[in-house]
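> Kindly return the folded structure for what I paste below:
(one chain, ligands or ions: 1)
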Amino acid sequence: MIKFIDLEAQQKRIRKPLEQRFKKILDHGQYIMGPEVFELEEKLAEYCGVKHAISCSSGTDALLIPLMAWGIGPGDAVFTTPFTYHATAEVISILGATPVFVDVYESTFNIDCEKLEIEIKRVIKEGKLQPKAIIPVDLFGLPARYRLIETIAKKYNLKVLEDAAQSFGGSIGEKKVGSFGNVAATSFYPAKPLGCYGDGGAIFTNDDDLAEKCKSIRFHGTTEKDRYHSEVIGLNGRLDTLQAAVLLEKLNIFSEELLMRNNIDLIYRKNLDNIQVHPKNYQSAHALSSIVFNSIDEKKMMIEKLKNNNIPTTIYYKFPIHLMKAFNYLGYKKGDFPISEKLSKNIVSLPMHPYLEEKFVKKIIDIILKNE
Ligand SMILES: Cc1ncc(COP(=O)(O)O)c(C=O)c1O
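Numbers count the residues shown, from 1 in each chain. Predicted coordinates for the structure are as follows:
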């Protein structure tokens, strides 16, 4: 049977050492902020080549905490795309700041840098909101165009928060995801390339001051000196020790799994058109493998055909964020972001996980290419 994501096959590989780690935690009993949490943070920072990795309770909190640390709030504009998981925009709204959407490139599905600069200029000219930050999203695992984004951010004095929820393990040239912009946020949701067995996330930065603030916010705004006195408003945003143990074991096999994902992607890429473009020197973490059809009817027909052959698919994302009810208050309308809207209509994600056998990848391709 072909699975969309196969966590079972992966668990078989790590089950024994994982049980040993769980046993150790049950023995030491430090379920919150136990030694595994700090061991993981060290290893994550080393993997990404950054000074600080701060684990936290989810990818959403990993996005929220740096925004809180910067004091983002009402009257501030934060630029991002409408073609992403809605958590990206949600964290901006929670703080009372305003998400300002920018359409994506049709080829990579990531933020269009030309349109980004146009939008920043428009907001400045309008004078109602203060531009503060950009949250580029590394969609489906592919890093956004950070060289250009960082240049634009510098020009307009904006912070960059990389939404790396889907792209842990990706890179541009020698530079790993997690090291772009001022700070990055990843998710360890079970289905992510590096996922735990529950919710989890991490923040990455080279900025010492920001790191300290983020560590404090994730622990109710306290410091190690006194956990019963909050210095700033914070959250319960910590990663559980048990989840850290899962991630430590998965990190041991992560590089190998990334290569396995890469091989599957290469086969899809060689045989299928209209797949997400991966520019030269850009390494995706292959969180998802998505294909864009020419019309909604063609897409529906293809999903049906795959389903009839027991091949699961999903649609990321059925609604661009600006057309979701919760975001109506922003005043956007249909037609505002034509590429995001077109992608939402015509995109389908195909099975993608390290344990997907080559013969099954070929079967999926054959079914898609067969004219019936
Ligand atoms: C692009 C993006 N941003 C943020 C998140 C939020 O992460 P989490 O589900 O861990 O809170 C996700 C998770 O699906 C995501 O895909």
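
> Look up how far the ligand lies from Lys325.
19 Å (CB to the nearest ligand atom, to the nearest Å). All C-beta spots, glycine's among them, are computed from the backbone N, C-alpha and C.

> what do you get for Ile267?
Taking CB to the nearest ligand atom, one finds Ile267 at 24 Å from the ligand.

> Contact partners for the residue nearest to that residue when sequence neighbours are not counted?
Leaving aside its sequence neighbours, Ile267 sits nearest to Val361 (CB to CB, 6 or more residues apart in numbering; 4.8 Å). Counting by CB atoms under 8 Å, 6 or more residues apart in numbering, Val361 touches 264, 267-268.

> ok, 10 Å please
Neighbour list for Val361: 2, 263-268, 271, 289, 350-352 [criterion: CB atoms under 10 Å, 6 or more residues apart in numbering].

> So which of those sit within helices?
Mapping these onto helices (DSSP state H) picks out 263-268, 271.

> Alongside the ligand, which residues does the stretch 201-350 of the chain contribute?
Gly201 (CB under 6 Å from any ligand atom).

> Identify all residues paired with the residue in the stretch 201-350 of the chain that the ligand sits nearest to through a beta bridge.
Nearest to the ligand in the stretch 201-350 of the chain, going by CB to the nearest ligand atom, is Gly201, at a distance of 5.1 Å. Taking DSSP bridges, one obtains Cys56, Ser187 as the residues bridged to Gly201.

> I'd assumed Ile65 was in contact with it.
Yes. Counting by CB atoms under 10 Å, Gly201 does reach Ile65; the two are 9.1 Å apart.

> any low-confidence regions in the chain?
For the chain, the stretches flagged by pLDDT under 70 are 372.

> For it, which segments count as helices?
Along the chain, counting by DSSP H, helices occupy 7-28, 35-48, 59-69, 87-94, 113-126, 146-155, 208-218, 241-271, 296-308, 338-346, 358-369.

> Can I get stretch 85-102 as CSV, trimmed to CA atoms?
What follows is stretch 85-102, C-alpha atoms only, in CSV (Å, rounded to 0.1, in the frame of the first residue of the first chain):
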residue,chain,number,x,y,z
TYR,A,85,-0.3,27.4,6.0
HIS,A,86,-2.5,30.0,7.8
ALA,A,87,-0.3,29.8,10.9
THR,A,88,2.1,32.2,9.1
ALA,A,89,-0.4,35.0,9.0
GLU,A,90,-2.2,34.0,12.2
VAL,A,91,0.8,34.9,14.4
ILE,A,92,0.8,38.4,12.9
SER,A,93,-2.9,38.9,13.6
ILE,A,94,-2.7,37.5,17.1
LEU,A,95,-0.4,40.3,18.0
GLY,A,96,-2.7,42.9,16.5
ALA,A,97,-0.3,43.7,13.7
THR,A,98,-1.4,43.6,10.0
PRO,A,99,-0.5,40.8,7.6
VAL,A,100,0.3,42.4,4.2
PHE,A,101,0.1,39.8,1.5
VAL,A,102,2.4,39.5,-1.5
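
> can you tell me if it touches the ligand.
Yes. Using CB under 6 Å from any ligand atom, stretch 85-102 reaches the ligand at 85, 87-88.

> which of the residues you listed has the most neighbours?
For those, the largest number of neighbours (other CB atoms under 10 Å) sits with Thr88, at 25 neighbours.

> Next up, the contacts around that one.
Thr88 makes contact with 59-60, 63, 78, 80-82, 99, 135-137, 161, 163, 165, 185, 321 under the criterion CB under 10 Å, 6+ apart.

> Now do the contacts for the residue of the stretch 201-350 of the chain closest to the ligand.
Contacts of Gly201 were listed using CB under 10 Å, 6+ apart, and they are 54-65, 164-165, 168, 185-189, 192, 218, 237, 239, 243.

> overlap in contacts of Gly201 and Ile65?
Taking CB under 10 Å, 6+ apart as the criterion, Gly201 and Ile65 both touch 54, 56-57, 185, 218, 237.

> Please report how far Met302 lies from Glu341.
Using CB to CB, to the nearest Å, we find Met302 at a distance of 19 Å from Glu341.

> Hmm, I typed the wrong one, I wanted Ile275.
20 Å.

> Tell me which of these two has more neighbours.
Set Ile275 next to Glu341 and count neighbours by other CB under 10 Å: Glu341 wins out with 19 against 16.

> what pairs with the nearest residue to Asn274 once chain neighbours are set aside across the strands?
Nearest in space to Asn274, with sequence neighbours left out and distances taken as CB to CB, 6+ apart, is Val292 at 4.5 Å. Judged by DSSP bridges, the bridge partners of Val292 are Ile347.

> Would you check that Val292 makes contact with Tyr316?
No. Val292 lies out of contact with Tyr316 (CB under 10 Å); the separation is 11.8 Å.

> Quick check: phi and psi at Ala164.
Note on Ala164: backbone dihedrals following degrees, to the nearest 10 are phi -100, psi 30.
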